[in-house]
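Q: my questions are about this predicted structure, shown below with the sequence.
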Amino acid sequence: MIAAIAAAALASAVPTGTYTYEFRQGGSVLGTSIIGVVHDASVLKVHEVVALAGRSFTLDQTLDPSTFVPSVIDAQYPGSPPAAIHIIVTSTGATETVAPATSRTIAAPKGAQGFVALDGPIMSGFFLGPAQAQALGAATLEGVSAGAAQALPMTVTSIDKTRRPSTAPASDLGVEMGGLPSGDVDIWYDPTTLVPDEIDVTSQGIAIVLASRTAMPNMAATPAPEPTAFPTPLPHFSSQDVTFRSVDGTTLAGTLTVPDGAWHELPEQGIGLTHKTPAVVLVVGSGPVDRDERVGPNPIFLELSNALSNHGYVVLRYDKRGVGKSGGIANAATRDDLLADARAAIAFVTAQPMVDGRRIFVVGHSEGGELAPSLAAGGAPLRGIALMAPPAIPLEQILLQQATLGLSGAAADAARSQEAAQIAAIKSGKDEGPGTIWLRTSFGIDPAVVIRDVPCPILVLQGGKDFQVLVKDLPRLVQAAQAAHRDITVHVFPDDDHLFITVPGDTQATIAEYMVPHHVDPAMIAALLAWLDQQSK
């Protein structure tokens, strides 16, 4: 086991700062992990954001600074909906709660000292492993596998320096965490700070290498910032909370924003007559998304709604069923349910006395961009549809793309095979996990087929650095619309990602951008407004 060190030296271990690691395999970078560390008088806080294979994982830990043993662990995993996992660690084990109310106990086996948060791509457990083993003088630690309700006992042994890879500094010491299902893990760390320079998952041929560090902690998403409206210059609209019912009786809650001029009187036409105003219904993306389409600290639809209403449009945005103040169960929603909810939103806004029912638009983002053509093709009375980052290929193909993003060779083949097996299990009904009913009812829908039947004008807005919906697939959608002689306009913003956050220069977009407050690209908003104005004439 690792030899114990002086308490004074341990007190300076794992300094406050931001540590950026790269997942490397065969010379390729598969993804990144950004770990922020903050020390204060009584606790140590560690925040991690992992971007890997097009998916985001986050982990927050509150730890005892003298032992590096966590007392609270919070994890967020992608999915439909994402999994929110909360773990309380005690001296005898841990209690795990998976949102909304599933609770399980994880018992520590005899002989284990301390818990390390350890699961899948989350690496901050390994990051803290040397410090925890040093503090405890432990030969056996315990990995808490979030979401699996199990403990993973690990043996901790020192590594002979002859095994040190050439990429690790010569002064580094090594420790092996053995006995894990994924194979042994070698950690090469700075003996003065106990910060790993390289973590090798030998059985998978993956090296997790420290790429940079700064003295400033990156803890922006711990806790997540409260959703706030981005400033709107000289606002000229009012907002009101509203509710409406879907076809199955589910009550949906939203916000209606009304431009000030929507109620002005026209005396020359008779007192009491009002100016009829065009309206926009916003349809959010996949997952348990609220009316603001808040991703991390970024309320995409709140900012967009402000801009639209300040420009003169009535706007309705609403919480998806089972989210926020809307009724229903999110995990039980089918694609048809979501279409019915959007139709109810269109009917509600059309019935407003200030709205011109002949000038109703739907703006859909991501999943909403997949649903909007079906709304129009299905007879919804729309003047036009605007699709933000819409899928151009069937959902099954998108999932395979996302699973293999950044991978090549055998690693890509393995990821593709695993994802294909999961898709098959969902289709057959063998997999009944959270959100699978939406997936199952969305499989087999080809956007390039649906768009051929859209009778109204179409606007497509796409980010060139979108890694969730790829710009290279967009021509397939556009060509299908053009072949059917549809009115389609396309704008590609080369440096924008899936949320229309601008990532300038040669920098590659990652999910890390989602965790930092940004404005929506004003060029995208300007293009949307210009198209709406043209279609509203």
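A: Here it is on my side, so go on.
Q: please count neighbours and contacts with C-alpha atoms only from this point.
A: Fine.
Q: tell me which helix or strand comes right after the longest helix seen in the chain.
A: The residue-count maximum for a helix in the chain (DSSP state H) belongs to helix 409-428. Counting by DSSP states H and E, the element after helix 409-428 in chain order, helix or strand, is helix 436-442.
Q: in contact with the nearest residue to A480 once chain neighbours are set aside, which residues?
A: Spatially, and ignoring its direct neighbours in sequence, A480 is nearest to A448 (5.6 Å; CA to CA, 6 or more residues apart in numbering). By CA atoms under 8 Å, 6 or more residues apart in numbering, A448 lies in contact with 392-393, 476-478, 480-481.
Q: I'd assumed A448 was in a strand, is it?
A: No: assignment of A448 by DSSP: H, G, I helix; E, B strand; the rest coil gives helix, placing it outside any strand.
Q: can you start the count at 5 instead of 1 from here on
A: Got it, first residue is 5 now, which makes that one A452.
Q: check it and give its pLDDT.
A: For A452, the pLDDT comes out at 97.
Q: same question, G382
A: Among the per-residue scores, G382 holds a pLDDT of 95.
Q: could you measure from it over to A376?
A: Distance of G382 to A376, computed by CA to CA, to the nearest Å: 10 Å.
Q: between these two, which is the more surrounded one?
A: Ranked by neighbour count (other CA atoms under 10 Å), G382 and A376 place A376 first, with 32 against 15.
Q: which element, helix or strand, includes that one?
A: Taking DSSP H and E as the criterion, A376 maps to helix 371-381.
Q: rewinding a little: name the nearest of the contacts of A452 relative to T159.
A: When these are compared for distance to T159 (CA to CA), I397 comes out closest, at 46.5 Å.
Q: just the pLDDT for the closest one.
A: I397 carries a pLDDT value of 97.
Q: name the SS class of it, please.
A: Under three-state DSSP, I397 comes out as coil.
Q: V453 is in contact with that one, correct?
A: No: counting by CA atoms under 8 Å, I397 sits too far from V453 to count as a contact (9.7 Å).
Q: look at those two and report which has more neighbours.
A: I397 (21 against 17).
Q: related to what we said a few turns ago, contacts for the longest helix of the chain, please.
A: Residues from elsewhere that reach helix 413-432 (CA under 8 Å, 6+ apart): 400, 403-404, 407-408, 435-436, 440, 443-444, 447.
Q: keeping just the C-alphas, turn that helix into CSV.
A: The C-alpha trace of helix 413-432 is given here as CSV (Å, rounded to 0.1, in the frame of the first residue of the first chain):
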residue,chain,number,x,y,z
GLY,A,413,-11.2,1.3,-35.1
ALA,A,414,-12.0,-1.4,-32.5
ALA,A,415,-13.3,1.1,-30.0
ALA,A,416,-15.8,2.5,-32.4
ASP,A,417,-16.9,-1.0,-33.5
ALA,A,418,-17.5,-2.0,-29.9
ALA,A,419,-19.4,1.2,-29.0
ARG,A,420,-21.5,0.8,-32.2
SER,A,421,-22.3,-2.9,-31.4
GLN,A,422,-23.3,-2.0,-27.8
GLU,A,423,-25.5,0.8,-28.9
ALA,A,424,-27.1,-1.3,-31.6
ALA,A,425,-27.9,-4.0,-29.0
GLN,A,426,-29.5,-1.4,-26.7
ILE,A,427,-31.6,0.0,-29.6
ALA,A,428,-32.8,-3.5,-30.5
ALA,A,429,-33.7,-4.2,-26.8
ILE,A,430,-35.7,-0.9,-26.7
LYS,A,431,-37.5,-1.7,-30.0
SER,A,432,-38.4,-5.2,-28.8
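Q: list the buried ones in it?
A: Within helix 413-432, the residues that qualify as buried are 415-416, 419-420, 423-424, 427, 430-431, counting by 16 or more other CA atoms under 10 Å.
Q: related to what we said a few turns ago, quick check: the farthest pair among the contacts of helix 413-432?
A: Farthest apart among these - using CA to CA - are T408 and E436, which lie 23.3 Å from each other.
Q: which of those two has more neighbours?
A: T408 (21 against 13).
Q: now that one, nearest residue through space, not along the chain?
A: The shortest distance from T408 to any non-neighbouring residue, by CA to CA, 6+ apart, is to A416 (5.2 Å).
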